[in-house]
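Visitor: Got a predicted model here, sequence first, then my questions.
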Amino acid sequence: MEVVGFHGTYYYKAEKIIREKHFTYTKRPDHWLGWGIYFYINDFSAADLWVKRSSKYRNAKTPKPKVGVLKNTIKVDEKNLLDLDSRDGLQILEDFIKEIESAKLKVVLSDESKNVNTCQIINLLDDDIHVVKRTFSENPRVKAKYARSINNCFDVVQTQQLCIRDMSIFNYETLSIC
């Protein structure tokens, strides 16, 4: 699979990533596709908006830090991709969860957060899964006068995300700031 991905961050961090050829991230327990570096597929605006919606950005003193959206072509072999938009990908994840259950591994699931549970399970996947892909829906809150009167065109935006778990597949030479 080959896609164009966009990663939102601050401009000064984007420059540092390009200069040092290295991403860093915090291993939060609620990363919805597990630990890794996240990219929006073919969606510059989603990456830009993600930064602007973040609490660090909203709470930053004026002037707000400049946003830097990184763009790159991401290539991954199909055998190293867990595509959670496909029935096959979901079946792989379901089979893996059954393996966890049958091995009686102790995984403590959260009653409050599905993201925490998903993150835990995806983080247990074999290292040969380099990238996890999933489409998420969001309500864009379109305010156009007639938006609610026409055939649900504005109700939901589908946003595809990649979580790169293994950065050895990443080509820093083609990385750029938009």
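Guide: Yes, it's here.
Visitor: give me the beta-bridge partners of the residue nearest in space to the middle of the chain?
Guide: Most central in the chain under C-alpha atoms, centre = their mean is Tyr38, positioned 3.6 Å from the mean C-alpha point. Beta-bridge partners recorded for Tyr38 (DSSP bridges): Cys163.
Visitor: need the contact list for it.
Guide: Under the criterion of C-beta atoms under 8 Å, 6 or more residues apart in numbering, the neighbours of Tyr38 are 7, 31, 161-164. Yep, even glycine has a C-beta here, placed from its N, CA and C like the rest.
Visitor: can you do 10 Å?
Guide: 5-8, 25, 31-32, 47, 50, 132, 161-164 (C-beta atoms under 10 Å, 6 or more residues apart in numbering).
Visitor: Among the residues you listed, pick out the one closest to Leu81, please.
Guide: Val132 (7.8 Å; C-beta to C-beta).
Visitor: Next, the closest one: secondary structure please.
Guide: Here Val132 takes the strand state, with states given by DSSP: H, G, I helix; E, B strand; the rest coil.
Visitor: Quickly note the distance from it to Ala60.
Guide: Counting by C-beta to C-beta, to the nearest Å, the separation of Val132 from Ala60 is 30 Å.
Visitor: more neighbours, the two?
Guide: Legend: neighbour count by other C-beta atoms under 10 Å for Val132 and Ala60, higher for Val132 (24 against 12).
Visitor: is it true that the more buried one touches Leu93?
Guide: Yes - assessed by C-beta atoms under 10 Å, Val132 is found in contact with Leu93 at 9.2 Å.
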